[in-house]
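got a sequence here, can you model it:
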Amino acid sequence: MFDCYHVARTEGDVGAHLARLLPIIGYIQLAPVPDRGAPKQGTLGYKAIFKQLDALGRKKPLGAECRPNGPTAESLAWMKALG
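Purely as a prediction, here's the structure:
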């Protein structure tokens with residue numbers, strides 16, 4: 001498992017770690033730093049991370065660990081924004 005939130009908090013440069021470790025990563029979990037809100041906010045650039053994963057050929061599903069900020073449809077709107 002590769003937890004983007006914890007890698008960003010403890011190791012920094014999530015993109016570099018993803019590129020290096022992707023061959024052995026089974027599952028990627030995402031959450032924004034620092035507050036685990038919607039992934040479109042915070043200091044991690046998930047749009048760039050998603051582009052990097054596409055460029056690296058990653059096709060497996062991702063998991064999101066984030067706090068909802070309202071009704072379900074509104075809380076999941078970040079998926080379109082980052083898609």
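
helices or strands next to the helix-or-strand element of the chain with minimal mean pLDDT in the packing?
Across the helices and strands of the chain, the lowest-confidence element by mean pLDDT, DSSP states H and E is helix 78-82, at a mean of 79. When contacts are defined as 3 or more Cβ pairs under 8 Å, 6 or more residues apart in numbering; DSSP states H and E, helix 78-82 packs onto helix 46-55. Every residue, glycine included, has its C-beta placed from N, CA and C.

quick one: contacts of the helix it packs on?
By Cβ atoms under 8 Å, 6 or more residues apart in numbering, the residues outside helix 46-55 that reach it are 4, 14-15, 18-19, 22, 28, 30, 32, 39-40, 62, 82-83.

any of these buried? List them.
The neighbour count (16 or more other Cβ atoms under 10 Å) marks 4, 14, 15, 18, 28, 30, 32, 39, 62, 82 as buried among the contacts of helix 46-55.

just those residues: which are in strands?
In strands, defined here by DSSP state E, the members of the buried ones among the contacts of helix 46-55 are 28, 30, 62.

turn those residues into CSV, columns for distance to residue 69 and pLDDT.
Compiled in CSV, these are given as follows (distance: Cβ to Cβ, whole Å; pLDDT from 0 to 100):
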residue, distance to residue 69, pLDDT
28, 22, 96
30, 16, 90
62, 19, 90
